[in-house]
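> quick one: sequence and predicted model below, then my questions.
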There are 2 protein chains.
Amino acid sequence: MPTIKEVADLAGVAVGTVSHVITGSVPVSQPLRLKVEAAIRKLDYHPNHVARSLKTSKTRTLGIIVPDMTIPYFPKVIRGAEAAARTCNYSVIAVNSDDSAPRQKELLTLLRSQRVEGILLVMAAAPTPMTQLSGLVAAGIGLVCLDRIPDRFRVDTVTVEDTSAAAMGVEHLIAVGHRRIAIVTGPVSLKNERERLLGCEEALRTAGLPVDEDLMWHGNLRPEDVEAICRERLADPARRPDAIFSTNGPTGLGVLRAFRAEGLRTPGDVAFATFDELTVDDLFLPAITTVVQPAYDIGFRAAEILLKRIEEGGFGDEPIAIRLPASLKVRDSSGLSARQQAAAQSSA
Amino acid sequence: MPTIKEVADLAGVAVGTVSHVITGSVPVSQPLRLKVEAAIRKLDYHPNHVARSLKTSKTRTLGIIVPDMTIPYFPKVIRGAEAAARTCNYSVIAVNSDDSAPRQKELLTLLRSQRVEGILLVMAAAPTPMTQLSGLVAAGIGLVCLDRIPDRFRVDTVTVEDTSAAAMGVEHLIAVGHRRIAIVTGPVSLKNERERLLGCEEALRTAGLPVDEDLMWHGNLRPEDVEAICRERLADPARRPDAIFSTNGPTGLGVLRAFRAEGLRTPGDVAFATFDELTVDDLFLPAITTVVQPAYDIGFRAAEILLKRIEEGGFGDEPIAIRLPASLKVRDSSGLSARQQAAAQSSA
DNA sequence: AGCGACATTTGAATCGTTTCAACACGCCGA
DNA sequence: TCGGCGTGTTGAAACGATTCAAATGTCGCT
């Protein structure tokens, strides 16, 4: 790998001059510039970002930690962040925490050693000791939490309007005509899940429906576990709800698996809608009604904020908290069941 | 951010000593080690990888370029690579080329400037001038092509057994009882697509079926375009095939969209199987029969090879070419159509 | 006591950039 | 003719680590 010195020698100029033509920060006369450019091409010279970063103490790199980028939601977030970073000539390093707190800590340490200028964090579902984060902030590394946001820690955050978005889903089910609506949540240790649950409950109350504890099914982020929980509760036709709303993607998948395992059809036997989109190509399904999150935008906005903070060098003032609206994609699964249709028919 | 010097001062030792306790490459006496470790904790010192990389000219970083990590196949590849890298304490930087050759060139340049020690490349679908790659190899940067592999350029490669995997899909359709089978490919400018097509044709010939040019539908990687192509050809019931086999994910999605647009059901009206898994939560579908690629393993093996090459410092000898087997996931979409079932019934 | 062998510890050079102070060189106005 | 100015150009210091040769102890042995 040629160095700037070799370029300088070949072009017959000082290293400083080569640096000036590369960065463009200092004017260089035409003839010298041409000689330098020729030398660069000839040697196939690529400036060493490592050395540059050391000298300038700017890496022009952001880190982004997600739980698992094989979950379709996260790549969209990452690409959004990447796009925003690119507008400022930054790169992003994306890594997976697998929802493990110790792994997340390792990654934070790694990114810090790599001297990323800021970190976008989707916190692990496993409870994160806030000491992991306070160290960063103290060290002057930018931090923006997105999607999942911490409970009481002061940082910039970007996420979806959890409460109203969840409410929107449940309101839709109610509007269609469902009355006995079960809510399936992920771990309520996550603030997002609590807020979504709140939204669901509000929607029920606003419609004058009871908030029945028997219909609040709390699970986790493992579809298999959620499947088991739902199967148990769906087995008895008498106690079965009209509809189910699931507050996130992995639990939604669990619900669908439970339907399949129990031989239930949606919306024929139980209507269904879920927060977040799913990857369900192995299921026999009607199209699923979903509350769609603006994943790309969440990543984009979060990176934008981070970059602005980096540029301004300021993290002292009031944290920014952005909430982006979700949208409801009404498809087939939230329709009326056969039984309900029959009832509607006869009353008409 | 504290530096090694500050740690040394606080601990009352020389910087060299601190370095020795960090790297562990030179023994340090117990009392000094303890003092250094205490200083590190107290200052919350994180070694500067940038400076380390500059000195050692080792970044312990690999780059991986994929067309688009929102396509579900690629995150699995990336995670496989990440896992392999982690066993050697390497990190990976994943970036998206959007199937654009100029963008790919930019990314190659960027990764090179970041001094990654090797690059895993899934080539852009847009034809890549081999000069992009030869420069890398000349510069001594490791390169392994995966998934999509170049036509005549000598590099290590890891991909799926395209020919036999595609054949497996078509053989399955034939075994079920389909006879008029259409093949939908992506761009035949990609070597993979040509090989898969070859596999399909072989399967047809082996079964004594004609290879009918009218049933070879060549598309690209944009589902919308493929949808249009298929709609045109599916419109006339008389010329409609019994079954369709699609040679990759995006084209498969296009086929399914065409089914929906034409009001066709699978397998009721036309049976279907595809190479690669799909994300199709917005479609009303039976479960799709797919040829599943070992995405994670492809990434893992590719990174393994790259790391071995880096470690050995040797790229001179014969390139390694690994082909991993795919597996067939038989689901509902490849079954017999209503018409075929009736025929089978009456003949029984 | 003196000496060599061994085990630590030290300090300086180095990696490839950027950047800043200093320098060179025309050219203009006095 | 000369001082001063502006435009280009240069060379060396610095960034924060690693590493190697040299220095410093320690100890056993004669």
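Yep, it's here.
> quick one: contacts for the residue nearest to residue A:105 when sequence neighbours are not counted?
In space, not counting the residues next to it along the chain, residue A:105 is nearest to residue A:132; the distance is 5.3 Å by Cβ to Cβ, 6 or more residues apart in numbering or on different chains. C-beta here means a position set from N, CA and C on the backbone, and glycine is covered the same way. Contacts for residue A:132 (Cβ atoms under 8 Å, 6 or more residues apart in numbering or on different chains) come out as A:101, A:104-105, A:108.
> over to residue A:211?
Contacts for residue A:211 (Cβ under 8 Å, 6+ apart) come out as A:201, A:204-205.
> ok, now with 6 Å
Contacts were defined as Cβ atoms under 6 Å, 6 or more residues apart in numbering or on different chains; by that measure residue A:211 touches A:201, A:204.
> same question for the one 10 residues further on.
For residue A:221, the set of contacting residues under the criterion of Cβ under 6 Å, 6+ apart consists of A:125, A:186, A:250.
> per-residue pLDDT, it?
In the prediction, the pLDDT value recorded for residue A:221 is 90.
> and the gap between it and residue A:183?
As judged by Cβ to Cβ, to the nearest Å, residue A:221 and residue A:183 stand 16 Å apart.
> taking the mean pLDDT, what do you get for the longest helix anywhere in chain A?
When secondary structure is assigned using DSSP state H, the longest helix within chain A turns out to be helix A:295-312. For helix A:295-312, the per-residue pLDDT values average out at 96.
> walk me through which strands the helix or strand following it pairs with, and which way each runs.
Toward the C-terminus, helix A:295-312 is succeeded by strand A:321-324 as the next helix or strand (DSSP states H and E). When sheet partners are counted by DSSP bridges, strand A:321-324 sits next to strand A:156-160 (parallel).
> quick check: buried residues in the following helix or strand past the strand it pairs with?
Next along the chain after strand A:156-160, taking DSSP H and E as the criterion, comes helix A:162-176. Neighbour counts using 16 or more other Cβ atoms under 10 Å in any protein chain shown place A:162-174, A:176 of helix A:162-176 among the buried residues.
> again, but for stretch A:36-55
A:36, A:39-40, A:43, A:45-54.
> so where do the helices sit in the stretch 201-348 of chain A?
Per DSSP state H, counting those that start in this stretch, the stretch 201-348 of chain A carries helices over the ranges A:223-234, A:249-262, A:295-312, A:338-347.
> can you tell me the element residue A:62 falls in?
Under DSSP H and E, the secondary-structure element containing residue A:62 is strand A:61-66.
> what helices and strands are in contact with that strand?
Of the remaining helices and strands, those touching strand A:61-66 by 3 or more Cβ pairs under 6 Å, 6 or more residues apart in numbering or on different chains; DSSP states H and E are helix A:73-87, strand A:91-96, strand A:118-121.
> quick check: residues of chain A near chain B?
Within chain A, the positions adjacent to chain B are A:1, A:44, A:46-47, A:49-51, A:53-54, A:69-70, A:75-76, A:93-94, A:112-115, A:135, A:277-282, A:284, A:286-288 by Cβ under 6 Å from any Cβ of the partner chain.
> just those residues: which are in strands?
Using DSSP state E to define strands, the subset of the residues of chain A next to chain B located there is A:93-94.
> which of the residues of chain A next to chain B are buried, as a ChimeraX select command?
Those of the residues of chain A next to chain B that meet the burial criterion (16+ other Cβ under 10 Å) are gathered into one ChimeraX selection, given here:
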select /A:46,47,49,50,51,53,54,69,70,75,76,93,94,112,114,115,135,277,278,279,280,281,282,284,286,287,288
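> and the closest residue to residue A:169 other than its chain neighbours, bridged to which residues?
Spatial nearest neighbour of residue A:169, excluding adjacent residues (Cβ to Cβ, 6+ apart): residue A:291 at 4.6 Å. Applying DSSP bridges to residue A:291 gives these bridge partners: residue A:275, residue A:328.
> what pLDDT does residue A:291 get?
Spelled out, the predicted local distance difference test score at residue A:291 is 95.
> how many neighbours does it have?
For residue A:291, the count of nearby residues is 29 (other Cβ atoms under 10 Å in any protein chain shown).
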